[in-house]
Every structure is written in structure tokens, then in C-alpha cells.
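Undergrad: what follows is a protein structure lacking sequence information:
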């Protein structure tokens with residue numbers, strides 16, 4: 001009889017996991033499209049096709065939902081980055097820049113702006129951003145084959161990530177593709193020189 005109980009739980013767990021993932025994806029999309037003010041739990045629940053009660057079962061507060069959403073998508077992007085071959089520096093630079101030009105960056109930016117005004121959100125977003133930043137830096141070092149024991153290498157990698165974020169900001173207002181491609185090519189050449 002125990003097998004029946006386990007079998008009955010698995011589909012419910014799968015449904016719960018699927019609902020959670022739909023909510024997280026909907027939350028990122030809402031933040032990216034509507035910003036913090038236009039992204040409520042009700043709006044996200046409707047977009048995900050679930051009731052507000054179901055959304056609040058998974059995420060008791062609005063802050064829980066949106067910080068979890070940005071973290072979830074950041075983890076997905078980290079996995080995609082880890083799968084890149086690390087030999088081609090131009091491809092690595094382009095992929096790192098790509099992190100800052102999509103809906104995740106737009107959603108994260110709205111969350112950062114909201115955190116600057118919302119006391120209850122600020123510590124959560126600050127901690128999340130620090131964790132995501134450390135992980136992105138670590139992955140960049142691995143993919144670039146950078147030896148951080150050499151003077152200036154850590155700062156060079158951090159400069160790349162800061163530049164990528166700046167390109168992402170420029171891309172929010174206008175399509176910056178042509179200029180971005182030239183900057184990416186130049187940074188890849190600079191990294192080859194700086195990192196050996």
C-alpha cells in the first residue's frame with residue numbers, strides 16, 4: 001500500500017514543481033515588461049495560469065516571488081554559461097555580454113531600482129546580487145582560462161563584467177548590436193593580450 005501513496009505523491013510533486021517554474025518565468029517576464037510597480041502577485045499568477053492563492057502558497061510575499069524568480073533564471077543562465085567551451089575568448093566575451101542584454105537583466109534592473117526604495121527588499125536583492133556576481137565572476141575566470149594569481153587579472157575579468165553590464169544598460173534604450181559587436185571583438189583581443 002505504501003507504493004500507492006508514493007506514486008500518488010510524485011505527480012502532485014511534479015505539478016507543484018511545474019507550477020513553481022511557471023510562476024518564476026511569469027514573474028521575470030512581468031518585471032522585464034512592466035517593472036516593479038506593474039508586477040503584482042495577481043498579475044504574475046494570471047500570466048502563469050494559476051490562482052493567486054496557489055501563487056501565495058509557493059511564495060508568501062511579493063518579495064519572495066521576485067527575488068526567487070531572478071535567482072532561478074540567473075542559475076539557469078549560469079548553467080548555460082558553464083556549458084560553453086572555454087577556448088574561444090571571443091565567444092566567451094559575447095556570451096557574458098549576452099547575460100546583460102536579455103529579459104533577465106531587464107527584470108533584475110527593475111528589481112535593483114525597486115530595492116533602492118523598498119527597505120524590505122533591499123537586503124534580499126543586495127545578497128542575491130552579490131551571490132550572482134560572485135558566481136558569474138567565477139565562471140568567467142574558468143571559461144577565460146584566467147590565472148588570478150597574476151597581478152591585474154582579477155581586475156581585468158571584473159572590468160569585462162562591468163563593461164558587459166554597461167553594454168546591457170545601453171541596450172535598454174536602443175538596439176546597440178553593431179557597436180556591441182565591435183566592443184566585444186576589442187575586449188576579446190585585449191583579453192588575449194592581458195591573459196596570455
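TA: Received it, and whenever you're ready, just let me know what you need. Keep in mind it's a predicted model, so treat the numbers as computed, not measured.
Undergrad: neighbours of residue 168, just the number please.
TA: 22 (other C-beta atoms under 10 Å). Yep, even glycine has a C-beta here, placed from its N, CA and C like the rest.
Undergrad: pretty sure it sits against residue 98.
TA: No. Applying C-beta atoms under 8 Å as the test, residue 168 and residue 98 come out as separate, 9.1 Å apart.
Undergrad: how far away is residue 125 from residue 48?
TA: Residue 125 sits 22 Å away from residue 48, going by C-beta to C-beta, to the nearest Å.
Undergrad: list the buried residues in the lowest-mean-pLDDT helix or strand in the chain.
TA: Lowest on mean pLDDT, DSSP states H and E among the helices and strands of the chain sits helix 2-34, with a mean of 79. Buried residues in helix 2-34, counted by 16 or more other C-beta atoms under 10 Å: 19-20, 22-32.
Undergrad: which SSE is immediately downstream of it?
TA: As assigned by DSSP states H and E, the chain's next helix or strand after helix 2-34 is helix 41-48.
Undergrad: now that following helix against helix 2-34, angle please.
TA: 110 degrees (axes from the mean of the first three to the mean of the last three C-alpha atoms, to 10 degrees).
Undergrad: what packs against the helix or strand following helix 41-48?
TA: Under the assignment DSSP H and E, the closest C-terminal helix or strand after helix 41-48 is helix 52-58. If you count contacts as 3 or more C-beta pairs under 8 Å, 6 or more residues apart in numbering; DSSP states H and E, helix 52-58 packs onto helix 2-34, helix 41-48.
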